[in-house]
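**Q** coordinates only, sequence not included:
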């Protein structure tokens, strides 16, 4: 499996959209264009990265493939990442900067680059207020 940060971003949005108040876990989300196994694998990566607070696969049969799974809500770190890359403008600039510098498209780099882009945008907005 190859990690797909576009899918992780989509999962972050989906969890924020569908997670009901008061629930500890929900069935894994459906994301158009992706099969359940791929989404489950990415939810596991998100859990291991501290972006969601639970990942519970149900495995069975030959090869112990995941045939269903549940996930927890976003963690504070998950919400922080989503807020940083929520806007398509910031997300696209982040991906362009990462690719342009030959950096890996991983969560920590995405956080750092998107934070720098947001800081630059804030500085520009503040300078615009002074004139």
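**A** Nice, I can see it. Everything quoted here is computed from the prediction, not taken from an experiment.

**Q** please enumerate the strands of the protein.
**A** When secondary structure is read from DSSP state E, the chain shows strands at 26-27, 55-60, 65-71.

**Q** looking at those strands, which one is packed in the most?
**A** When neighbours are counted by mean count of other C-beta atoms under 10 Å, the highest per-stretch mean among the strands of the chain falls to strand 65-71, a mean of 17. In this view, the C-beta of every residue, glycine as well, is placed from N, C-alpha and C.

**Q** let me see the mean pLDDT of that strand.
**A** Across strand 65-71, the average pLDDT comes to 85.

**Q** which other helices and strands contact it?
**A** Packing contacts for strand 65-71, counted by 3 or more C-beta pairs under 8 Å, 6 or more residues apart in numbering; DSSP states H and E, involve strand 26-27, helix 36-48, strand 55-60.

**Q** wait, which of these is closest to residue 11?
**A** Evaluated over those, closeness to residue 11 peaks at helix 36-48, with 6.1 Å, by C-beta to C-beta.

**Q** can you name the residues in contact with the worst-scoring helix or strand of the chain on mean pLDDT?
**A** The element with the least model confidence among the helices and strands of the chain, by mean pLDDT, DSSP states H and E, is strand 26-27, at a mean of 82. With contacts defined as C-beta atoms under 8 Å, 6 or more residues apart in numbering, strand 26-27 is touched by 18, 19, 20, 68, 69, 70, 71.
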